[in-house]
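Peer 1: Sharing a sequence plus its predicted fold:
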Amino acid sequence: MNWNDRYPKGCPPDLESVSKYIENPLWEELCQYMEDTYHVMPKVEHSICSGAPGWNLKYKKSGRALCTLYPAQGFYTCLLSIGSKEAMEAEVLLGTCTEYLQTLYWNTKPFQGGRWLMIEVSSSDILEDVKALIALRVKKKRNPE
């Protein structure tokens, strides 16, 4: 059954239902990573965006969106926004990323100074790329000297 048919607007899924629907260890790994590394839990939100309508899960830290996850049966898509301030560092990082992510990045047209990457997380290597890009979105605190 289609995600949007199973959970129409007004009937939000709980996190366990999302995990059962996706049924992919890469989902569990990213969720655990976000909780352990950034101490954040996802917020279930409904979107009417034409690109990916329906319920999604947003991870935010200090008011800043880290990523948005879109459930699908057997996999999920991760939306990451690489802003103009992060672009240079992201482009250096791309040299260590999968060919899939490199191609996706360069084929995604800049929009309002950034790139909105819709990444299908289908392998452990792509998941590692996602984790590295999320790290760019998190502001690192400077140590006072």
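Peer 2: Yep, it's here.
Peer 1: Helices of the protein, residue ranges please.
Peer 2: 3-6, 15-22, 25-38, 84-93, 99-107, 124-137 (DSSP state H).
Peer 1: Pipe these into CSV and attach mean pLDDT, distance to Thr68 and mean neighbour count per row.
Peer 2: C-beta here means a position set from N, CA and C on the backbone, and glycine is covered the same way. Converted to CSV, those look like this (pLDDT from 0 to 100; distance: least, C-beta to C-beta, whole Å; neighbours: other C-beta atoms under 10 Å):
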stretch, mean pLDDT, distance to Thr68, mean neighbour count
helix 3-6, 82, 14, 14
helix 15-22, 93, 13, 15
helix 25-38, 96, 12, 15
helix 84-93, 92, 16, 14
helix 99-107, 97, 16, 15
helix 124-137, 95, 11, 18
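Peer 1: Those: which one's closest to Arg64?
Peer 2: Arg64 lies closest to helix 124-137 among the helices of the chain, at 6.8 Å (C-beta to C-beta).
Peer 1: Find the residue at the geometric middle of this protein.
Peer 2: With distances taken as C-alpha atoms, centre = their mean, the residue of the chain nearest its centroid is Cys78 (3.1 Å).
Peer 1: what's the spacing between that one and Tyr33?
Peer 2: According to C-beta to C-beta, to the nearest Å, Cys78 and Tyr33 sit 12 Å apart.
Peer 1: again with Pro110
Peer 2: In this view, Pro110 and Tyr33 are 28 Å apart by C-beta to C-beta.
Peer 1: do the same with Ser122
Peer 2: 17 Å.
Peer 1: Do I have it right that the residue nearest to the centre of the chain meets Val121?
Peer 2: Yes: with contact defined as C-beta atoms under 8 Å, Cys78 and Val121 form a contacting pair (5.5 Å).
Peer 1: Identify the residues contacting the closest residue to Thr96 other than its chain neighbours.
Peer 2: In space, and not counting its chain neighbours, Thr96 is closest to Ala132: 7.4 Å by C-beta to C-beta, 6 or more residues apart in numbering. The contact partners of Ala132, taken as C-beta atoms under 8 Å, 6 or more residues apart in numbering, are 93, 96-97.
Peer 1: could these go into TSV alongside distance to Thr37?
Peer 2: Shown next, in TSV, are the contacts of Ala132 (distance: C-beta to C-beta, whole Å):
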residue	distance to Thr37
Leu93	17
Thr96	18
Cys97	19
